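K.L.:
what follows is a protein structure lacking sequence information:
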Ligand code: ATP
Ligand code: MG
């Protein structure tokens, strides 16, 4: 037998049994962004490598070791997108959507990072994100957080996620803080783990979110960014906190939250859960006022977030919140004999016309009563509609409940739609 080809490690198939959960999550996302008046943007999955180097930053995890980069047939360096923000800004600049305008955008789709695959961490994964351009004030930071809080309510997971919030200040403030932090870290250089030693000079703020507990302990006395903020940055953060307090969104200020990407300034946040082990961040984002300019556009304030869909699906499964997701089929239509097949096919089409919300599967491939009923049962349908020669002659169809002990009933064909609507609400 020929050898079977396997999927690429860390790149998952979403099977028919799982896709209803994905569809439910996607439906919640679409309808929530619609409720805030956001518009969708779709960008290519492949971009110039430079786009990500210039936006995410050369010394970040993503650019240093996670990108799928390759030369195409013209020897151009291309990269499978590792995230959505850079592409959105690139498209916004290219099509003149950003400067002097307001845009509230969202996107959803696959992203690619060459990481070590594990629970909640894959090489192809999916993100949903929002990006807002042209608004510098903290009210829009609050809006994207409100939108995310609504997602949790709609998905029924509010109790299982918490919001962590921090501010990174403006670039000049951060540069001052960076110097102070490096000076502090230099005193303990020998006690730092390998990653932190390397990051100390390349990207010292990343040392703050080290996973090494010994280093975490050292950091208790590290200087705090909050003390380096100017009036404007402080006020922005204060206003955001007041807005969140005012609308009743709870959060925890985490001075160690720095995010792994270079482009953030001022507000940064993560929604985290403790139900997924170490891959606990389900949504992350912040303000990135410098990026549009950095990618060649005119300076435009911006704020956004990205959410990992695999982690949301895992969370729903872990919390056993996937039960109420309805079956793919409501009604299974069977037919016995050629004449009946035509009638059954017509009837099934008519049902789909009359009750558009009803999911009607027609039996195909013939077979005896037992075979057709077995298929009906396997389809997950509530009821089977049975059309045999006797029923056909009498202008009737039989309805058999597949999930209860209700006796089979005979109804007039033209009443079928009504009877089924009553049976399956
Ligand atoms: P982490 O610290 O978990 O590596 P990150 O800071 O790299 O996350 P972002 O780039 O901010 O993540 O992406 C936003 C969200 O996308 C994450 O919070 C997570 O839910 C999801 N995500 C990121 N990388 C992966 C991955 N490799 N597999 C699955 N989901 C991911
Ligand atoms: Mg990462």
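P.N.:
Cool, the structure landed. Fair warning: this is a prediction, and the values are worked out from it, not measured in the lab. Ligands and ions are numbered 1, 2, ... in the order given.
K.L.:
give me the three-state assignment for the residue in the stretch 51-200 of the chain positioned nearest to ligand 1.
P.N.:
Proximity of the stretch 51-200 of the chain to ligand 1 (C-beta to the nearest ligand atom) peaks at residue 125, 3.4 Å away. The C-beta positions use only the backbone N, C-alpha and C, and glycine is treated the same way. Using DSSP: H, G, I helix; E, B strand; the rest coil, the structure places residue 125 in strand.
K.L.:
quick check: nearest residue in space to it, chain neighbours excluded?
P.N.:
Once flanking residues are discounted, residue 125 sits nearest to residue 310: 5.1 Å by C-beta to C-beta, 6 or more residues apart in numbering.
K.L.:
could you count how many residues lie near the one you found?
P.N.:
20 (other C-beta atoms under 10 Å).
K.L.:
which parts of the stretch 1-150 of the chain sit against ligand 1?
P.N.:
Residues of the stretch 1-150 of the chain lying close to ligand 1 by C-beta under 6 Å from any ligand atom are 83, 113, 115, 120-122, 125, 127.
K.L.:
any chance you could map the strands in the stretch 151-300 of the chain?
P.N.:
Ranges of strands in the stretch 151-300 of the chain, per DSSP state E, counting those that start in this stretch, are 162-167, 252-253, 265-272, 281-287.
K.L.:
next, format these as JSON lines and append distance to residue 196, mean pLDDT and mean neighbour count.
P.N.:
Output for the strands of the stretch 151-300 of the chain, formatted as JSON lines (distance: least, C-beta to C-beta, whole Å; pLDDT from 0 to 100; neighbours: other C-beta atoms under 10 Å):
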{"stretch": "strand 162-167", "distance to residue 196": "19", "mean pLDDT": "97", "mean neighbour count": "21"}
{"stretch": "strand 252-253", "distance to residue 196": "23", "mean pLDDT": "96", "mean neighbour count": "12"}
{"stretch": "strand 265-272", "distance to residue 196": "20", "mean pLDDT": "96", "mean neighbour count": "24"}
{"stretch": "strand 281-287", "distance to residue 196": "20", "mean pLDDT": "97", "mean neighbour count": "24"}
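K.L.:
any idea which of the ones you listed gets closest to ligand 1?
P.N.:
It's strand 281-287; of these, that one is closest to ligand 1 (C-beta to the nearest ligand atom) at 3.8 Å.
K.L.:
in its sheet, what does that closest one sit against?
P.N.:
strand 265-272 (antiparallel), strand 302-308 (antiparallel) (DSSP bridges).
K.L.:
state the next helix or strand along the chain beyond the shortest one.
P.N.:
It refers to strand 302-308. With elements assigned by DSSP states H and E, the helix or strand that comes after strand 302-308 is helix 309-318.
K.L.:
that next one - contacts with which helices or strands?
P.N.:
If you count contacts as 3 or more C-beta pairs under 8 Å, 6 or more residues apart in numbering; DSSP states H and E, helix 309-318 packs onto helix 19-35, strand 124-133, strand 281-287.
K.L.:
contacting residues around the helix or strand following that helix?
P.N.:
As assigned by DSSP H and E, the chain's next helix or strand after helix 309-318 is strand 331-335. Contacts to strand 331-335, defined as C-beta atoms under 8 Å, 6 or more residues apart in numbering, come from residues 341, 343-345, 347-348, 351, 358-363, 369, 372-373, 375-376, 379, 381-388, 402, 420, 424.
K.L.:
which residue is nearest the centroid of the chain?
P.N.:
residue 309 (3.3 Å; C-alpha atoms, centre = their mean).
K.L.:
that one and residue 125 touch, don't they?
P.N.:
Yes. At 7.3 Å, residue 309 counts as touching residue 125 under the criterion of C-beta atoms under 8 Å.
K.L.:
which residues of the stretch 251-400 of the chain lie near ligand 1?
P.N.:
Within the stretch 251-400 of the chain, the positions adjacent to ligand 1 are 260, 279, 281-284, 306, 308, 310-311 by C-beta under 6 Å from any ligand atom.
K.L.:
the helices in the stretch 301-425 of the chain, which residues?
P.N.:
309-318, 338-354, 369-378, 389-393, 416-423 (DSSP state H, counting those that start in this stretch).
K.L.:
pick the most buried one from those.
P.N.:
Across the helices of the stretch 301-425 of the chain, the average number of neighbours (mean count of other C-beta atoms under 10 Å) peaks for helix 309-318, which reaches a mean of 20.
K.L.:
from residue 144, how far out is the closest residue to ligand 1 within the chain?
P.N.:
In the chain, no residue comes nearer to ligand 1 than residue 308, which is 2.3 Å away by C-beta to the nearest ligand atom. To residue 144, residue 308 is 16 Å away according to C-beta to C-beta, to the nearest Å.
K.L.:
out of the two, which sits in the more crowded spot?
P.N.:
More neighbours surround residue 144 than the other of residue 308 and residue 144, with 25 against 22 (other C-beta under 10 Å).
K.L.:
identify the bridge partners of the residue of the chain closest to ligand 1.
P.N.:
Under DSSP bridges, the beta-bridge partners of residue 308 are residue 127.
K.L.:
list the contacts of it.
P.N.:
Residue 308 sits next to 120, 125-127, 281-283 when contact means C-beta under 8 Å, 6+ apart.
K.L.:
domain assignment for the chain?
P.N.:
19-170+230-318, 331-420 (automatic domain parsing).
K.L.:
could you identify which of those is most buried?
P.N.:
Most buried of the domains of the chain by mean neighbour count (mean count of other C-beta under 10 Å) is domain 19-170+230-318; its value is a mean of 18.
K.L.:
just how off-centre is that one within its chain?
P.N.:
Relative to its parent chain, domain 19-170+230-318 has a centroid offset of 10 Å by C-alpha atoms, centre = their mean, to the nearest Å.
K.L.:
I'd say residue 108 and residue 88 touch.
P.N.:
No. Using C-beta under 8 Å as the test, residue 108 is too far from residue 88 to be in contact (11.9 Å).
K.L.:
mutual contacts of these two, please.
P.N.:
Joint contacts of residue 108 and residue 88 (C-beta under 8 Å, 6+ apart) are residue 129.
K.L.:
so where's the stretch 301-425 of the chain uncertain?
P.N.:
Under the criterion pLDDT under 70, no range of the stretch 301-425 of the chain is flagged.
K.L.:
try 80 this time
P.N.:
Confidence mapping of the stretch 301-425 of the chain against pLDDT under 80 gives the ranges 324, 326, 425.
K.L.:
how about residue 341: what's its closest non-neighbour residue?
P.N.:
Going by C-beta to C-beta, 6+ apart, residue 341 has residue 335 as its nearest residue, at 4.6 Å.
K.L.:
any idea how far residue 333 is from residue 400?
P.N.:
11 Å.
K.L.:
overlap of the contact sets of these two?
P.N.:
With C-beta under 8 Å, 6+ apart, residue 400 and residue 333 have common neighbours 384-385.
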